[in-house]
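1. sharing a model prediction with you, sequence too.
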Amino acid sequence: MAGGKAGKDSGKAKTKVVSRSAAIPEYLTAEMLELAGNASKDLKVKLDSLIKATMAGGGVIPHLHKSLTGKKGQQKTV
C-alpha cells in the first residue's frame, strides 16, 4: 500500500518542482533587468557630460511647399 500512496503524492511533487523551476529564471531575469536599469541611469549622467557635439545631418531639412510660397499680394487659389 505504500506504493499507492507515493503515486498520489508524486503528481503534487511534480507540480511544485515545475512551478519552482519556472520561478527561478523569472526572478533572475527580474534582478538582471533591475540592475541594468540602475546602471543605465548612472551612466546616462556621465555620458551626457561627455557628449557635447552636434550630429552632422541630424535634424530636419527645411522645405516649404511651392503652393505655400507665393508672390506678395497674390492670393491662394483653392
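-> Noted; the coordinates are in hand. Numbering: from 1, shown residues only.
2. which residues in the protein form helices?
-> Assigned by DSSP state H, the chain shows helices spanning 2-50.
3. low-confidence regions, it specifically.
-> Across the chain, residues meeting the criterion (pLDDT under 70) sit at 1-11, 45, 47-50, 55-58, 72-78.
4. try 80 this time
-> For the chain, the stretches with pLDDT under 80 are 1-16, 19, 43-62, 69-78.
5. how near is residue 18 to residue 62?
-> 61 Å (C-beta to C-beta, to the nearest Å). Yep, even glycine has a C-beta here, placed from its N, CA and C like the rest.
6. number of nearby residues for residue 38?
-> The criterion is other C-beta atoms under 10 Å. On that basis, residue 38 has 10 neighbouring residues.
7. from here on, count from 440
-> Done: numbering now begins at 440, and the last item shifts to residue 477.
8. how near is residue 466 to residue 501?
-> For residue 466, the distance to residue 501 - C-beta to C-beta - is 52 Å.
9. these two - which one has more neighbours?
-> The neighbour comparison of residue 466 against residue 501 (other C-beta under 10 Å) goes to residue 466, with 10 against 5.
10. if I look at the more buried one, how far off is residue 456?
-> Taking C-beta to C-beta, one finds residue 466 at 16 Å from residue 456.
11. now residue 469
-> Relative to residue 456, residue 469 is positioned 21 Å away (C-beta to C-beta).
12. what do you get for residue 478?
-> In terms of C-beta to C-beta, residue 478 sits 34 Å off from residue 456.
13. same check, this time on residue 510
-> Residue 510 is 82 Å from residue 456, where distance means C-beta to C-beta.
14. neighbour count for those two, which is higher?
-> A direct count of neighbours by other C-beta under 10 Å for residue 510 and residue 456 places residue 456 higher, at 10 against 5.
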